[in-house]
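Engineer: Take a look and give me a structure for this.
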Amino acid sequence: KSLVPVKPIPKRLPKHAHPLNLVEEKNMTQLDPDNWKRTIFSRKNENAVRVKDIVRVSFADETPIVGAVMAIYRRGMSTTFRLRNRYTKIGTEMKIPLFSPLLKQIDVVQRSPKPAKLNKLFYLRHPKLDLGDVEGKL
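Structural biologist: Residues are numbered from 1 along each chain as shown. Modelled structure (predicted):
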């Protein structure tokens, strides 16, 4: 007999029942009750936002931002996307969190004619390949 009590090894929880996943799912349903944010960036949705699309993002109290989607980072609650546009001849990029409570609407203004070959379009930063002022073209 041992003097130290030995406890049995706890069983491993399945992925969907993990406490952190349950908390994340609860937060996602609070921040996205209509489920539109998840569907607009879902890989299974054919009409989802893709890289190289031009989108207009509206916030609560600001003017909408228009830009080309350079990259999409799908990380559950931490899902973000990066927009690029040129304002006053300066290339600007913005990383926007998808589940931000300030985010009100995302509209796809123009779809890319064919899908991008890469997932992250950082080559758009090169002056010759930059899309320029996206709002001016629209």
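Engineer: give me every residue that touches Glu93.
Structural biologist: Contacts for Glu93 (C-beta atoms under 8 Å, 6 or more residues apart in numbering) come out as Met70, Arg82, Leu83, Arg84. Backbone N, C-alpha and C define where each C-beta goes, glycine included.
Engineer: So in that sheet, which strands flank the strand or helix carrying the first one, and in what orientation?
Structural biologist: To tie it back to what came earlier, the one meant is Met70. Assessed by DSSP states H and E, Met70 sits inside strand 65-73. The pairing partners recorded for strand 65-73 under DSSP bridges are strand 54-59 (antiparallel), strand 80-87 (antiparallel).
Engineer: how far away is Ile54 from Ile9?
Structural biologist: Using C-beta to C-beta, to the nearest Å, Ile54 is found at 53 Å from Ile9.
Engineer: Between the two, point out the one with more neighbours.
Structural biologist: Neighbour tally, Ile54 and Ile9, criterion other C-beta atoms under 10 Å: the higher count belongs to Ile54, 21 against 6.
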